[in-house]
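S.K.: Okay, sequence plus prediction incoming.
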Amino acid sequence: MPKTKKENFTYAVGRRKSAAARVRIFKGTGETQVNGIPIAEYFPGEVSKSVWQKPFELTQTWGKYYATVKAVGGGKGGQVEAVANALAKALVLINRQDYKSPLKKAGLLTRDARERQRRMVGTGGKARRAKQSPKR
């Protein structure tokens with residue numbers, strides 16, 4: 001069996017809703033990819049772009065690091081926020097004293113615990129919807 005080369009990276013996991021993102025962050029210039037696709041193609045649009053770029057902008061590390069990401073579960077919105085959470089956690093592991101404060105203030109290190117509420121029995125199909133009352 002051939003030996004695999006040992007690469008230096010920092011690993012972190014981010015979560016949001018039912019999505020999870022596993023991030024490996026590398027020093028140097030390279031293209032950040034999500035599930036083998038360039039991140040700008042995987043998360044198109046300005047809103048998504050601003051979400052995943054935020055950890056790099058707050059720590060002034062744009063262009064100094066790149067990442068490979070495995071994102072699973074949920075939709076694109078949950079996945080992009082999970083990626084931002086994981087990137088922020090990985091950057092803190094790289095340089096705690098400089099990066100933790102701005103990322104914490106922006107709320108990127110906190111796992112957003114809000115989940116979809118389950119459907120309730122007798123509510124007419126939705127979690128919080130009430131059944132229509134008879135008029136007479």
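M.R.: Sure thing, it's come through.

S.K.: gap between stretch 28-36 and the chain center?
M.R.: Offset of stretch 28-36 from its chain centre (Cα atoms, centre = their mean, to the nearest Å): 15 Å.

S.K.: How about stretch 100-117?
M.R.: Distance, centroid of stretch 100-117 to centroid of chain: 10 Å (Cα atoms, centre = their mean).

S.K.: Kindly report the same for stretch 79-86.
M.R.: 1 Å.

S.K.: what comes into contact with it?
M.R.: By Cβ atoms under 8 Å, 6 or more residues apart in numbering, the surrounding residues in contact with stretch 79-86 are 12-17, 19-23, 34, 39, 43, 48, 51-52, 54-55, 69, 71, 73-74, 108-109, 111-112. (C-beta placed from N, C-alpha, C; glycine too.)

S.K.: can you map out the helices along the chain?
M.R.: Assigned helices in the chain, in chain order: 39-42, 46-58, 76-94, 96-105 (criterion: DSSP state H).

S.K.: And the second one, what's buried?
M.R.: Judged by neighbour count (16 or more other Cβ atoms under 10 Å), helix 46-58 contains these buried residues: S48, V51, W52, Q53, K54, P55, F56, L58.

S.K.: and which of those is nearest to P102?
M.R.: L58 (4.4 Å; Cβ to Cβ).

S.K.: how near is that closest one to Y66?
M.R.: Taking Cβ to Cβ, to the nearest Å as the measure, L58 falls 17 Å from Y66.

S.K.: And the buried ones among the contacts of stretch 79-86, selectable in ChimeraX?
M.R.: For the buried members of the contacts of stretch 79-86, the matching ChimeraX selection, counting by 16+ other Cβ under 10 Å, is:
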select :12,14,15,16,17,19,20,21,22,23,34,39,43,48,51,52,54,55,69,71,74,108,109
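
S.K.: Tell me where the protein is predicted with low confidence.
M.R.: Within the chain, the stretches with pLDDT under 70 are 1-6.

S.K.: what's the nearest residue to F43 if we skip its chain neighbours?
M.R.: With sequence-adjacent residues excluded and distances taken as Cβ to Cβ, 6 or more residues apart in numbering, F43 is closest to V80, at 5.0 Å.
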